[in-house]
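Chemist: Got a sequence here, can you model it:
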Amino acid sequence: MNNDSSPLRKDADEELYIGTARSESLEMYLKAIWHIRERGKEVKISSIAKLLNIRQPSVVNMLHKLNEEDFVVYSKENIPIRTTSKGEQIARQMIRNTRLLEILMRDSLRIAIDEEMVCGIEHHMKEVFTDALCTLLNHPVRCPHEHPIPPGKCCKV
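Modeler: A predicted model of the protein is given here:
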């Protein structure tokens with residue numbers, strides 16, 4: 001893949017990109033932790049399992065991985081589970097992506113918000129795209145569900 005970020009290259013041929021964003025599973029766990037905490041609840045294994053509709057042993061396994069990779073602080077003795085600054089940054093970006101996509105669907109495209117579609121797209125958005133979308137939408141501060149949209153660099157201009 002060519003690294004030229006110029007948006008209007010006339011010599012550019014359409015390229016196929018084969019790859020994945022950062023582990024979508026990792027991002028979903030971090031987003032779930034943000035979601036639970038934002039609602040004022042204690043982040044526990046059971047609350048993550050319930051929100052993601054998965055079994056608690058799967059949550060424990062992933063939390064160990066996230067802890068090893070410095071995305072969360074987790075141990076059996078450390079409840080509530082919390083994100084590190086590295087994990088918080090990813091969770092914040094996922095929440096921002098989700099909420100901006102919801103605004104796009106409702107207000108610009110005038111279609112029903114499709115959470116499954118949003119979830120499929122949010123993991124593949126680069127910051128430059130998210131900031132451009134935010135600017136296009138006039139820097140909304142709340143999503144359709146009335147939750148705050150974390151501001152980006154574009155919102156400070």
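
Chemist: Mind pulling up the pLDDT for residue 23?
Modeler: We have a pLDDT of 82 for residue 23.

Chemist: Report the helix or strand with the lowest average pLDDT across this protein.
Modeler: Lowest on mean pLDDT, DSSP states H and E among the helices and strands of the chain sits strand 78-83, with a mean of 86.

Chemist: The residue minimising distance to the centre of the chain and residue 113, how far apart?
Modeler: Residue closest to the average C-alpha location in the chain (CA atoms, centre = their mean): residue 94, at 1.1 Å. Going from residue 94 to residue 113 by CB to CB, to the nearest Å gives 16 Å. All C-beta spots, glycine's among them, are computed from the backbone N, C-alpha and C.

Chemist: neighbours around residue 24, how many?
Modeler: 16 (other CB atoms under 10 Å).

Chemist: quick one, phi/psi of the nearest residue to it once chain neighbours are set aside?
Modeler: The shortest distance from residue 24 to any non-neighbouring residue, by CB to CB, 6 or more residues apart in numbering, is to residue 123 (4.7 Å). For residue 123, the backbone dihedrals (degrees, to the nearest 10) come out as phi -80, psi -10.

Chemist: what's the answer for residue 130, then?
Modeler: phi -60, psi -40.

Chemist: and the longest helix for the chain?
Modeler: Identified as the longest helix of the chain according to DSSP state H is helix 85-103.

Chemist: Pull out the buried residues from that one.
Modeler: 87-88, 90-103 (16 or more other CB atoms under 10 Å).
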